[in-house]
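Colleague: next one to model:
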Amino acid sequence: MWIQRGLSDNTLQAYRTDLTKLFDWLAKQNINLAAVSTADIQHYLSLRHEQGLKARSTARALSTMRRFFQYAVAQQWLTVNPMALIENPKLPKPLPKSLSEQQIELLLAAPNPEIAMELRDKAMIELMYATGLRVSELVNMTLSDVSLRQGVVRVTGKGGKERIVPMGEEALHWLTSYVQLARAELLKGCDSDAMFPGRQGNSMTRQTFWHRLKHYATRAGLQSLPSPHMLRHAFATHLLNHGADLRVVQLLLGHSDLSTTQIYTHVANARLQQVHAQHHPRAQG
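Modeller: Numbering: from 1, shown residues only. Sure thing, here's the model as predicted:
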């Protein structure tokens, strides 16, 4: 597997641990590898469940076992794959952490636009909240990716897929102010196409932006320090709360599959109930 898939040492060690636990159990049951059945695997999985092991841990163990027994059949150690009829558990999708609109307003007000570096940071935070960009998309943005005249940014997302995202009047204002008033000062004569240069004139790193974001969150008095991804979540959450169509949010986020975007639908429940109560003829009674 190391040769074929280039797995990390940590992943390989996790796979070894999963297989060791399985074969320790098989040995205690006096079950030979060539005799392992689907019923044996199901018994082993039920014991894991009784031990209170998390579904995500079991899902990884299943993946490990599935690959091993596929290999065992290919090597003709087995004639029948005992994993063939075993289904993967359905994992609950974690709800993304977000920020309230009030918290966003406090965060956006934290940088001092009179200071060149903080004007850059404010433009970045405004732009990220206004467009839902991934942090890598934000820090790697170049001058040619932005049209201040049209008020849009061209984004190259995962898999090299491009999308055009409108930035809105507020983000456009601060981005224009930054380009006109602060960018040249930060570059100090360096020739760079990076929209948001760091100290050396190169594109800012993701880690640097995260540190800057935490700095402003602390200044704003926020209890929890947000990650850049939480701004992306806030973008999607607040759009849906204000009635945006899920497919539009999908396009803006650059999700290739609508199911990825549907994790945000939980945030619209309160709004759906409100709309239903206001407009359905029998809702009141």
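Colleague: alpha carbons only for contacts and neighbour counts from here, please
Modeller: Will do.
Colleague: next one: the strand or helix carrying Met128 to chain centre, how far?
Modeller: Counting by DSSP states H and E, the element that carries Met128 is helix 116-131. Taking C-alpha atoms, centre = their mean, to the nearest Å, the mean C-alpha location of helix 116-131 is offset from the chain mean by 20 Å.
Colleague: now the strands for the stretch 1-150 of the chain?
Modeller: 146-147 (DSSP state E, counting those that start in this stretch).
Colleague: low-confidence ranges, it, go.
Modeller: 1-8, 89-96 (pLDDT under 70).
Colleague: for the helix holding Met128, which helices and strands make contact with it?
Modeller: Contacts defined by 3 or more C-alpha pairs under 8 Å, 6 or more residues apart in numbering; DSSP states H and E place helix 116-131 against helix 101-109, helix 135-139, helix 168-181, helix 183-187, helix 228-241.
Colleague: tell me the angle the third one makes with helix 116-131.
Modeller: Here helix 168-181 runs at an angle of 150 degrees relative to helix 116-131 (axes from the mean of the first three to the mean of the last three C-alpha atoms, to 10 degrees).
Colleague: and helix 168-181, what's buried?
Modeller: Of the residues in helix 168-181, Ala171, Leu172, Trp174, Leu175, Thr176, Ser177, Tyr178, Val179, Leu181 count as buried by neighbour count, 16 or more other C-alpha atoms under 10 Å.
Colleague: could you dump those residues to TSV with distance to Leu143 and pLDDT?
Modeller: Shown next, in TSV, are the buried residues of helix 168-181 (distance: C-alpha to C-alpha, whole Å; pLDDT from 0 to 100):
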residue	distance to Leu143	pLDDT
Ala171	15	93
Leu172	14	95
Trp174	15	96
Leu175	11	96
Thr176	12	96
Ser177	14	97
Tyr178	12	96
Val179	9	95
Leu181	15	95
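Colleague: okay, the residues you listed in JSON lines with distance to His242 next?
Modeller: Shown next, in JSON lines, are those (distance: C-alpha to C-alpha, whole Å):
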{"residue": "Ala171", "distance to His242": "18"}
{"residue": "Leu172", "distance to His242": "21"}
{"residue": "Trp174", "distance to His242": "23"}
{"residue": "Leu175", "distance to His242": "24"}
{"residue": "Thr176", "distance to His242": "27"}
{"residue": "Ser177", "distance to His242": "28"}
{"residue": "Tyr178", "distance to His242": "29"}
{"residue": "Val179", "distance to His242": "31"}
{"residue": "Leu181", "distance to His242": "33"}
